[in-house]
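Visitor: predicted structure and sequence below. I'll ask about it afterward.
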Amino acid sequence: MLNRAAAQRVRTFAPRTDIAREGEKPKDVHLILNGWACRYKQLEDGRRQIVSFFLPGDICDLNIFILREMDHSIGTITPVSIADLSREFFDEISTGYPRIATAFWWETLVNAAIQREWTMNLGQRTASERMAHLLCELFFRLRLAGLAEDNGCSFPLTQADLAEATGLSKVHVNRTLQELRANNLIVLKGKMLVLPDLERLMSAGLFNANYLHLDREGRQLDANE
């Protein structure tokens with residue numbers, strides 16, 4: 001069911017472009033098929049805060065239909081392909097496909113848990129802990145999606161992206177990455193991230209993957225039924 005819907009209305013976007021802008025009336029829910037995107041808020045003077053990253057398989061704003069207008073923007077980081085899922089699709093899911101509906105609820109709850117962890121990152125963790133934690137989270141999410149191999153994964157984020165996601169300056173991000181490199185916790189080269197010792201990086205970031213609920217029932221639900 002979901003595979004069929006995802007193949008019907010597909011759009012592609014270039015890197016660094018908006019999929020949806022704050023103030024627009026939402027029409028569809030977007031399923032990320034390929035590429036990386038982000039949710040962000042921007043001030044009038046151009047300062048921007050990334051509040052979440054979207055990876056392949058993620059759904060952007062599952063309950064967006066109840067809003068009259070977007071209160072945030074969604075932008076691409078890499079080239080991105082999305083499937084537009086209509087309100088009618090979700091109406092059909094809620095009545096005829098309870099397992100898919102439950103899987104969507106699970107994703108909503110996990111996204112809320114990730115947002116809580118990001119708030120903790122900004123409020124309590126040090127710069128080094130924030131960066132280590134974010135890198136661990138992205139690696140775990142990519143591995144869950146089958147997009148990480150062994151101890152490495154694609155990593156298209158720039159230092160500016162990392163600054164906007166962690167609340168640090170670009171200079172501070174650069175210094176923090178150098179610190180993680182010097183401690184042999186990360187290798188960043190050619191838009192690839194390698195984690196030589198995942199356990200040590202997790203410890204450095206005070207990272208506990210429990211908020212991703214990787215072993216919970218919802219993860220096992222087949223949304224393609």
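Guide: Arrived safely, thanks for sending.
Visitor: buried residues in stretch 16-29?
Guide: Using 16 or more other Cβ atoms under 10 Å as the test for burial, stretch 16-29 gives Ile19, Ala20, Pro26, Asp28, Val29. Just so you know, the C-beta spots here come from the backbone N, C-alpha and C atoms, and that holds for glycine as well.
Visitor: tell me the secondary structure for the nearest residue to the second one once chain neighbours are set aside?
Guide: By the measure of Cβ to Cβ, 6 or more residues apart in numbering, the closest residue to Ala20 outside its immediate chain neighbours is Ile74, 4.6 Å from it. Using DSSP: H, G, I helix; E, B strand; the rest coil, the structure places Ile74 in strand.
Visitor: can you list contacts of stretch 118-136?
Guide: Stretch 118-136 is touched from outside by 51-52, 117, 162, 165-168, 172-173, 175-177, 179-180, 185-186, 193, 195, 198, 201-202, 204-207, 209, with contacts defined as Cβ atoms under 8 Å, 6 or more residues apart in numbering.
Visitor: could you do stretch 187-203 as well?
Guide: Counting by Cβ under 8 Å, 6+ apart, 132, 135-136, 138-139, 151-156, 177, 180-181, 183-186, 207-209 sit against stretch 187-203.
Visitor: report the buried members of those.
Guide: Applying 16+ other Cβ under 10 Å to these flags Ala132, Leu135, Cys136, Leu138, Phe139, Cys153, Phe155, Leu177, Leu180, Leu185, Ile186, Phe207 as buried.
Visitor: which ones among those lie within helices?
Guide: In helices, defined here by DSSP state H, the members of the buried ones among the contacts of stretch 187-203 are Ala132, Leu135, Cys136, Leu138, Phe139, Leu177, Leu180.
Visitor: nearest to Val80, out of those: which one, please.
Guide: Using Cβ to Cβ, Leu138 is the member of these that lies nearest Val80, at 16.1 Å.
Visitor: who's the nearest residue to the closest one once chain neighbours are set aside bridged to?
Guide: Leaving aside its sequence neighbours, Leu138 sits nearest to Phe53 (Cβ to Cβ, 6+ apart; 6.7 Å). Beta-bridge pairing of Phe53 under DSSP bridges involves Cys38.
Visitor: would you mind measuring from Phe53 to Ile114?
Guide: Separation of Phe53 from Ile114 (Cβ to Cβ, to the nearest Å): 9 Å.
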